[in-house]
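# Any chance you can model this:
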Amino acid sequence: SMTTQRARDDSDESALLRRPDHKASVSVTRSLGTHRHVGGEIVLSSKREDVGSITLPGYGVANLFARYRLDQQWEIEMRADNVFDKSYQLVNGYNTPGRVLLVGLRYRPGLH
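Predicted structure coming up:
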């Protein structure tokens, strides 16, 4: 997906804070049989303005995931976000997490 926008304040045409003009993501998922899926995504964002006339630089991060369906209602998922440990900020002065590994158990009632 890709978004191109010109987010501006109608009253003075100034850039709206923390909104990039360009943002894109690419996601790929591969099925490894009926119960296993693996995939990844790349998220890219252009520079954007922040409070105090500061311009935050653009960034790109890569994420990976694997899912295993235990049965019709239960699924285990493992995610690795920001796999290259990219340092970037969404808000000036507030760092985002570095490389993160998440493991989760998902329940979906009513699916048979």
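# partners of the most centrally placed residue in the chain in the sheet?
Of all residues in the chain, the one closest to the mean position by CA atoms, centre = their mean is V43, 5.7 Å from it. Under DSSP bridges, the beta-bridge partners of V43 are S25, V61.
# Which parts of the chain are strands?
With DSSP state E as the criterion, the chain has strands at 2-4, 22-31, 36-45, 48-50, 54-56, 59-69, 74-81, 89-91, 94-95, 100-107.
# between these, which gets nearest to S11?
Of all the strands of the chain, it is strand 48-50 that lies closest to S11, at 15.8 Å by CB to CB. The way it works is simple: take the backbone N, C-alpha and C, and place the C-beta from them, glycine included.
# pLDDT weak spots in the chain?
Residue ranges of the chain with pLDDT under 70: 111-112.
# 80 instead, please
110-112 (pLDDT under 80).
# Any figure for the gap between the residue nearest to the centre of the chain and Y59?
Distance, V43 to Y59, by CB to CB, to the nearest Å: 8 Å.
# With R30 instead?
For R30, the distance to Y59 - CB to CB - is 26 Å.
# got a list of what V28 touches?
By CB atoms under 8 Å, 6 or more residues apart in numbering, the residues touching V28 are G39, G40, E41.
# Just list whatever residues bridge to the first one.
Just to be clear, that refers to G39. Under the criterion used (DSSP bridges), G39 bridges to T29, F65.
# My read is that it contacts L32, right?
No - contact criterion CB atoms under 8 Å: G39 and L32 do not qualify, at 10.4 Å.
# Have a look at those two and say which one is more surrounded.
G39 (14 against 11; other CB atoms under 10 Å).
# So the more buried one versus A80, what's the distance?
Distance from G39 to A80, counting by CB to CB: 11 Å.
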